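A.B. asks: compute the structure for the input listed below.
(2 chains)
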There are 2 protein chains.
Amino acid sequence: MINKLIENITNTNAPIVVGLDPMLKYIPEHIKAAAYEEFGETLEGAAEAIWQFNKGIVDAVYDLIPAVKPQIAMYEQFGLPGLAAFKKTVDYCKEKDLVVIGDIKRGDIGSTSEAYAVGHLGKVTVGSQSYSGFDEDFVTVNPYLGSDGVNPFINICREEKKGIFVLVKTSNPSSGEFQDRKLADADNRPLYEIVGEKVAQWGYDCMGGDYSYVGAVVGATYPEQGKRLRELMPRAYILVPGYGAQGGRGSDLKHFFNSDGLGAIVNSSRGIIAAYMNDRYCKYGDKNFADASRAAVIDMRKDINENAL
Amino acid sequence: MINKLIENITNTNAPIVVGLDPMLKYIPEHIKAAAYEEFGETLEGAAEAIWQFNKGIVDAVYDLIPAVKPQIAMYEQFGLPGLAAFKKTVDYCKEKDLVVIGDIKRGDIGSTSEAYAVGHLGKVTVGSQSYSGFDEDFVTVNPYLGSDGVNPFINICREEKKGIFVLVKTSNPSSGEFQDRKLADADNRPLYEIVGEKVAQWGYDCMGGDYSYVGAVVGATYPEQGKRLRELMPRAYILVPGYGAQGGRGSDLKHFFNSDGLGAIVNSSRGIIAAYMNDRYCKYGDKNFADASRAAVIDMRKDINENAL
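C.D. replies: Here you go, the predicted structure:
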């Protein structure tokens, strides 16, 4: 799947991923009204609004982008109907030949991590049958529990030809609280470097072609750290959140890429899906929210191609 | 909810929590056969088997225990039908007046962590209505992203009078890979101590009565670390996994408790729910799996009361 991701990136000339994180406040009133008309102001109504919103955006941008990253929390908050909308979104994006990165940030130990991996990347066995639960192509994984938590994901990736992105240095202001702590038993280097080295190690045996299907998450908001991590994990694809609304710009991203122009994929969520609410694109109006998203994708592609690559 | 947890513990004289982690291989054949008969060898069939298994165990032990801890991964692997069984289990246990600890190990940033908190502990707003998604009483939270990831959970806990347990030192063999790293900027103390201190800080303003509703997860398999963390987080309730099948014994747990006999709640999953598969309880037979679970709870209570308290 890492090869397919790279192929999609090369074909679109766009190392970008659209974060499908549909908060209700981003969804135009006419979509919510139609959904509530049909299902009431219920969890099912919210889930329908989310699905219609996602579908509108995906239909408008799928030919421009290699991948999407639905953030499962935004669906999980609406309980079972929300998760049904997540599944519907994953399936629809795969029909459109997009690579789907499930932003699930799961991580547990042994058989429990394996259950997450099975549910999101693999197949579960029921009697003589087997089924995919959510069937994303990649998922994000939290490393706090160490190799016991990550290896079960890697094993399923190997079987299913899928991939993971392990959290290394996250984009948020307090990410340094633990991730930046300097380790006495590693020449005073920060924890995120040691996690990055682990990602590189986990990934050595997991190569697609030039890149590993064990990737990393490194925030656009930390360009210096990104540069260092790029060196420490030369074959890991880096999923880069924090562009746009969180403050990261194209010029911050230079060092996240390798000299082959590959090695990183930059996420934007709000900046794309809620573009119509931004001064720059508000001329489209909320009825044409999806056209605003398309314009925002084109601008983002340009910014990254001109300033980051 | 921390007060209710303590009340339940005091009333049952059992600082124990039963982990409802129903892998299919633990479920007796007659339950699976009945479920597959009705729903086929499908995700729905698996979910029905899980639900019937859980119900059998809960009915057999609810009067002996204060709380249950369903591990959501074990349900999530069966996709949407699995998660419906999770929800049904949560609701049923609450009807039985058990405190429900959702073992979800979520953690993200800002509005995303808030969405998880809303979905699992709080209420989500849809138009003029509001709904609970999964409605557990406590959840487990991963701290790797720092305060940005944890505070949204705490805010919802404050509103809803619920609680969290933050991963500090997990029970698995590789938990030391990152958690035990010695920090040069903290007198060479290990990372888990610094996370523990943060838990104590987060919890100071979040007191029920004597204890905070911001608790911690510390594995039974690390008794020395548990002793130190008990000192560093005097008012945090400690959720202790790793007892039984993972190797922890009652005598390892002495220092997880405070001198008031409170402050810790010990989880057993396999050791209780799959007791009938264990030599010690196999005399009950698989038809009477729930009686075996009851016997295992009684033995565990005895072990902890005699050796840990």
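A.B. asks: so what pairs up with the most centrally placed residue in chain A in the strands?
C.D. replies: Here the mean C-alpha position of chain A is nearest to the C-alpha of A:K69 (CA atoms, centre = their mean), at a distance of 3.8 Å. Residues found in beta-bridge contact with A:K69 (criterion: DSSP bridges) are A:G19.
A.B. asks: contact partners for it?
C.D. replies: For A:K69, the set of contacting residues under the criterion of CB atoms under 8 Å, 6 or more residues apart in numbering or on different chains consists of A:V17, A:V18, A:G19, A:L20, A:V100, A:I101, A:G102, A:D103, A:L239, A:N267, A:S269. C-betas here are computed from N, CA, C, even on glycine.
A.B. asks: against B:G226, how distant is it?
C.D. replies: Counting by CB to CB, to the nearest Å, the gap from A:K69 to B:G226 is 38 Å.
A.B. asks: now A:L239. Its backbone dihedrals?
C.D. replies: The phi and psi torsions at A:L239 (degrees, to the nearest 10) take the values phi -90, psi 120.
A.B. asks: so how many other residues sit close to it?
C.D. replies: The criterion is other CB atoms under 10 Å in any protein chain shown. On that basis, A:L239 has 27 neighbouring residues.
A.B. asks: the closest residue in space to it that isn't next to it in sequence: which element?
C.D. replies: Leaving aside its sequence neighbours, A:L239 sits nearest to A:F165 (CB to CB, 6 or more residues apart in numbering or on different chains; 4.3 Å). When elements are assigned from DSSP states H and E, A:F165 belongs to strand A:163-169.
A.B. asks: adjacent strands (with direction) for that strand?
C.D. replies: Applying DSSP bridges, strand A:163-169 is found paired with strand A:138-141 (parallel), strand A:212-218 (parallel).
A.B. asks: for the strand or helix carrying A:Q201, what is the distance to the chain centroid?
C.D. replies: According to DSSP H and E, A:Q201 maps onto helix A:191-204. Relative to the mean C-alpha coordinate of its chain, helix A:191-204 is positioned 19 Å out (CA atoms, centre = their mean, to the nearest Å).
A.B. asks: name the helices or strands packed onto that helix?
C.D. replies: Other helices and strands packing on helix A:191-204, by 3 or more CB pairs under 8 Å, 6 or more residues apart in numbering or on different chains; DSSP states H and E, are helix A:147-160, strand A:163-169, helix A:176-179, strand A:182-183, strand A:212-218, helix A:223-232, strand A:236-240, helix B:176-179.
A.B. asks: in TSV: the ones you listed, plus distance to B:G45 and mean pLDDT.
C.D. replies: Compiled in TSV, those are given as follows (distance: least, CB to CB, whole Å; pLDDT from 0 to 100):
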stretch	distance to B:G45	mean pLDDT
helix A:147-160	22	97
strand A:163-169	29	98
helix A:176-179	42	97
strand A:182-183	49	97
strand A:212-218	32	98
helix A:223-232	45	97
strand A:236-240	36	98
helix B:176-179	38	97
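A.B. asks: between those, which one is nearest to B:E7?
C.D. replies: helix B:176-179 (32.0 Å; CB to CB).
A.B. asks: on that earlier part again, in CSV: the helices and strands packed on helix A:191-204, plus distance to A:A46.
C.D. replies: Written out in CSV, the entries for the helices and strands packed on helix A:191-204 read as follows (distance: least, CB to CB, whole Å):
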stretch, distance to A:A46
helix A:147-160, 30
strand A:163-169, 28
helix A:176-179, 33
strand A:182-183, 44
strand A:212-218, 28
helix A:223-232, 36
strand A:236-240, 27
helix B:176-179, 37
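A.B. asks: closest to A:I57 out of the ones you listed?
C.D. replies: A:I57 lies closest to strand A:236-240 among the helices and strands packed on helix A:191-204, at 19.5 Å (CB to CB).
A.B. asks: other SSEs contacting that closest one?
C.D. replies: For strand A:236-240, the contact count by 3+ CB pairs under 8 Å, 6+ apart identifies helix A:2-12, strand A:163-169, helix A:191-204, strand A:212-218, helix A:223-232, strand A:264-268 as packing neighbours.
A.B. asks: as JSON lines, the ones you listed with mean neighbour count would be great.
C.D. replies: Compiled in JSON lines, those are given as follows (neighbours: other CB atoms under 10 Å in any protein chain shown):
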{"stretch": "helix A:2-12", "mean neighbour count": "18"}
{"stretch": "strand A:163-169", "mean neighbour count": "28"}
{"stretch": "helix A:191-204", "mean neighbour count": "21"}
{"stretch": "strand A:212-218", "mean neighbour count": "28"}
{"stretch": "helix A:223-232", "mean neighbour count": "18"}
{"stretch": "strand A:264-268", "mean neighbour count": "28"}
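A.B. asks: tabulate these in CSV, adding columns for distance to A:L24.
C.D. replies: Putting the helices and strands packed on strand A:236-240 into CSV (distance: least, CB to CB, whole Å) gives the following:
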stretch, distance to A:L24
helix A:2-12, 30
strand A:163-169, 27
helix A:191-204, 34
strand A:212-218, 26
helix A:223-232, 33
strand A:264-268, 20
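A.B. asks: nearest to B:A292, out of the ones you listed?
C.D. replies: The closest approach between B:A292 and any of the helices and strands packed on strand A:236-240, judged by CB to CB, belongs to strand A:163-169 at 37.9 Å.
A.B. asks: using CSV, write out every CA atom in the closest one.
C.D. replies: Listed in CSV are the C-alpha atoms of strand A:163-169, where the atom choice follows Å, rounded to 0.1, in the frame of the first residue of the first chain:
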residue,chain,number,x,y,z
GLY,A,163,0.8,0.4,6.5
ILE,A,164,1.0,2.5,9.7
PHE,A,165,2.2,5.9,10.8
VAL,A,166,3.6,6.0,14.3
LEU,A,167,3.2,9.2,16.4
VAL,A,168,6.7,10.6,16.8
LYS,A,169,6.5,14.3,17.3
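A.B. asks: next one: that strand to chain centre, how far?
C.D. replies: For strand A:163-169, the distance between its averaged C-alpha position and the chain's averaged C-alpha position is 10 Å (CA atoms, centre = their mean).
A.B. asks: repeat for stretch A:80-87
C.D. replies: Using CA atoms, centre = their mean, the offset of stretch A:80-87 from its chain centre is 18 Å.
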